[in-house]
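Novice: Just a sequence and a predicted model for now, questions to come.
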Protein chains: 2
Amino acid sequence: MELSERKRRILKAIVEQYISTAEPVGSKAIAADPEMNLSSATIRNEMADLTAMGLLEQPHTSAGRVPSPQGYRIYVNELMNEHRLSLEETQEINKALKQKMSQLDSLLADAGKVVSELTSYPAYALTTQVGRRTVRRYDLIHVDAETVIAVLLLEDGTACNRVMKFPGGIEKDLVQRMSTVFNTGFTDLTAQEIDSTMVRAAERTLGDEIGAAAALASYTISVLESGGSKKVLSGVSNLLTLPEYQDVNKAHKLMDFLSEGKELEQMELSQGQEGVQILIGPENVAEELKDSGVVLATYPLGNNMQGVIGVVGPTRMDYAKVAAYLSYIAGGMQQISQGTSPPQLPELKPVKEQDEGR
Amino acid sequence: MELSERKRRILKAIVEQYISTAEPVGSKAIAADPEMNLSSATIRNEMADLTAMGLLEQPHTSAGRVPSPQGYRIYVNELMNEHRLSLEETQEINKALKQKMSQLDSLLADAGKVVSELTSYPAYALTTQVGRRTVRRYDLIHVDAETVIAVLLLEDGTACNRVMKFPGGIEKDLVQRMSTVFNTGFTDLTAQEIDSTMVRAAERTLGDEIGAAAALASYTISVLESGGSKKVLSGVSNLLTLPEYQDVNKAHKLMDFLSEGKELEQMELSQGQEGVQILIGPENVAEELKDSGVVLATYPLGNNMQGVIGVVGPTRMDYAKVAAYLSYIAGGMQQISQGTSPPQLPELKPVKEQDEGR
DNA sequence: CTTAGCACTCTTTACCTCCGAGTGCTAAGG
DNA sequence: CCTTAGCACTCGGAGGTAAAGAGTGCTAAG
């Protein structure tokens, strides 16, 4: 069936109404809109059509309609007005970001916090590595008889360290030889390329009986695998204010899922993508998100790194607004990370189209 | 009124029953205990007394009794059996800790996670600095003509690094001398004690014209100022499984409060204290915790640092068990941070007495 | 094609009653 | 004098029913 202009207007009205009330919306409520010069009966007919087309759903016979994920999709792709950030909104965001813009590490955390505060939904902030991640150079500092600091300089120019303790003591000589062995044998390798035979070989070469090589190798792998990716989750408890999560069980499941950080996979999927993405209900990969909505904004972050900011909420989320916020903040993050000052003007990318998700 | 031996036994039974069921407990339930050779009528009389003494409360006339905060206090101070960790329990803890015991940084986070998983309550892990925060040792790694990695080993045993770029190039010799200068002149100083005259003096001594010393000094200050206090919260969503937080509103308030990290003040109060502390209901300073229980374990953490692990739960928490867990894990954390291997044997400190809280 | 009208469906809410758990009190028994 | 059996009483929770309300689909008329 064709999606007439009128049907589109009705769908839009329904989605927006539902977004703000979280209650199934009936024909009368729509007819009440002065913009809509139609009687409730006519609207009922149209709604019946929209339901038949799979864009609306009916919780039960005598309830109003609720947008289906497909309905949301159409709304997001075609019907949604872009939310223009008001001057106050941008000022608010700028203020919040500026206050916290002390360090990139904490910036990430704070960006998440800002987003979750502004949107009242849980928010994610994370960085991921796009390309090959390897160690360029090892430095081992022998601090005292039992302590070594391992410093790994990665190919992307960042360094990380770990204090390693060897209760039985560790020889300075062993540390030095280990440094040589690792710098020749373990550089330019990804986490996958390091395997236990290599480690055992190194142990033999070194005469290492205290597992020092193994410890260093496993640290290396953990660093490489962590993908330099950091992630921060903020504002989970916001879920509890939403009517859809009044059911403690439901809330608990989602919160658990979020704190586990598993949805990272989801976000990794979106790595290639640029700009703002919206994932509605079943379009999400993770089972736990099948009836939630996710809005993601990605931004480049130098050195093969990519930042992602994400918001998780009910399917009935105010996509227009959230997308605008995320887009703006992602832009700000990018600029900050490039050392330029925080953004002063709202600059919105159009919301990206994307496949219909069944 | 005197607290007879029999009353004490009854109070103990009531508290324990309530801890495990979360339901008001009636006289019959207590009388059913074969240890208790009394009829329900007698118990009722005693319960009436205990209620008069303010140790029990009655939600409504025809419900059983619930321990009052004072009742808990007496239970915790005098009646509670110390929970001996079973072999399985210690093994479980050790296993969990060992798996995660990779790095002190993440150890903190992981300790919190372990605790919250083991106890099914939200858990806090944090370190605070009691006294001075200083650098113990500087290591400078000259990577290439333009690049130096500075590694700072702090007094608390953690290390941090930064990659420093000098676009005009930096001499290996300068780096080496700088290392000496900083190791002699800038260790054991707090952020406040480092001032610009020192930095200028160092620059002169070094013949440093590229601001290397200044860069290192400012990095040092930023690290020291960042206040080594870290805190991690885990397992908040566990609240939602508890019957007392089925009320979404209540849960939300507490969760919000916890994520804000405000109760840190609370924990700071307990800084001086050693060992395990238990704070019941109104004994908590924070309004939001007035009907929760908090168990805290503190442990020394190298020079001037102190670690705190805390668990927040309903007043009806299994204090004996939680205290045992925390005490054990705090002991483990301390040992790990001192570089010895993870603990193998349960070693419990007696639960500390403490003033009655009004 | 639109719309008023109407019968019908289904949820929500209020209200009521009944049941059971638990109490406090009294009186009898050791 | 303490313990215990018995009993009347209280009160919250479960279950059931009825009424209210919201919304629908269909029909027929404009």
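Specialist: It's in. Numbers count the residues shown, from 1 in each chain, chains lettered A, B, ... in the order given.

Novice: Helix, strand or coil: sort out the most centrally placed residue in chain A for me.
Specialist: Centroid-nearest residue in chain A: residue A:310, 3.6 Å away (criterion: Cα atoms, centre = their mean). Classification of residue A:310 using DSSP: H, G, I helix; E, B strand; the rest coil returns strand.

Novice: any idea how far residue B:306 is from it?
Specialist: Distance of residue A:310 to residue B:306, given as Cβ to Cβ, to the nearest Å: 36 Å. Where C-beta positions appear, they are placed from N, C-alpha and C, glycine not excepted.

Novice: ok, which residues in the stretch 201-350 of chain A are in contact with chain B?
Specialist: Contact residues (Cβ under 8 Å from any Cβ of the partner chain) of the stretch 201-350 of chain A with chain B: A:219, A:222, A:234-237, A:240-241, A:245-246, A:248-249, A:251-252, A:255-256, A:259.

Novice: low-scoring stretches of the stretch 151-300 of chain A, by residue?
Specialist: A:227-228, A:262-273 (pLDDT under 70).

Novice: Look at the residue of the stretch 201-350 of chain A found nearest DNA strand D and say how many residues are nearby.
Specialist: Per Cβ to the nearest atom of the strand, residue A:243 is where the stretch 201-350 of chain A lies closest to DNA strand D, at 15.1 Å. Residues lying near residue A:243 (other Cβ atoms under 10 Å in any protein chain shown) number 11.

Novice: Now do the same contact list for it.
Specialist: Taking Cβ atoms under 8 Å, 6 or more residues apart in numbering or on different chains, we find residue A:243 in contact with residue A:22.

Novice: that older thread, wait, the residue nearest to the centre of chain A touches residue A:296, no?
Specialist: Yes: shown here, residue A:310 and residue A:296 form a contact pair, counting by Cβ atoms under 8 Å, at 4.6 Å.

Novice: Could you measure from the residue of the stretch 51-200 of chain A found nearest DNA strand C over to residue A:243?
Specialist: The stretch 51-200 of chain A approaches DNA strand C most closely through residue A:62 (2.9 Å), counting by Cβ to the nearest atom of the strand. The gap separating residue A:62 from residue A:243 is 20 Å, by Cβ to Cβ.

Novice: In three-state terms, how would residue A:44 be classified?
Specialist: What three-state DSSP gives for residue A:44 is helix.

Novice: Tally up the residues packed near it, please.
Specialist: By the criterion of other Cβ under 10 Å, residue A:44 has 17 neighbours.

Novice: Then the one 4 residues further on?
Specialist: Neighbouring residues of residue A:48 were enumerated by other Cβ under 10 Å; the total is 14.

Novice: Averaged pLDDT, the helix or strand encompassing it. What do you get?
Specialist: Here residue A:48 sits within helix A:40-52, counting by DSSP states H and E. Per-region confidence: helix A:40-52 scores 95 on mean pLDDT.

Novice: what sits up against that helix?
Specialist: For helix A:40-52, contacts defined as Cβ under 8 Å, 6+ apart pick out A:1, A:6-7, A:10-11, A:14, A:26-28, A:30-31, A:36, A:56-58, A:65, A:71.

Novice: is DNA strand D contacted by that helix?
Specialist: Yes: applying Cβ under 7 Å from any atom of the strand, one finds helix A:40-52 touching DNA strand D at A:40, A:41, A:44, A:47, A:48, A:51.

Novice: try stretch A:17-35
Specialist: Yes: using Cβ under 7 Å from any atom of the strand, stretch A:17-35 reaches DNA strand D at A:24, A:25, A:26, A:27, A:28, A:29.

Novice: Would you mind checking the average pLDDT for that stretch?
Specialist: Rounded mean pLDDT across stretch A:17-35 is 92.
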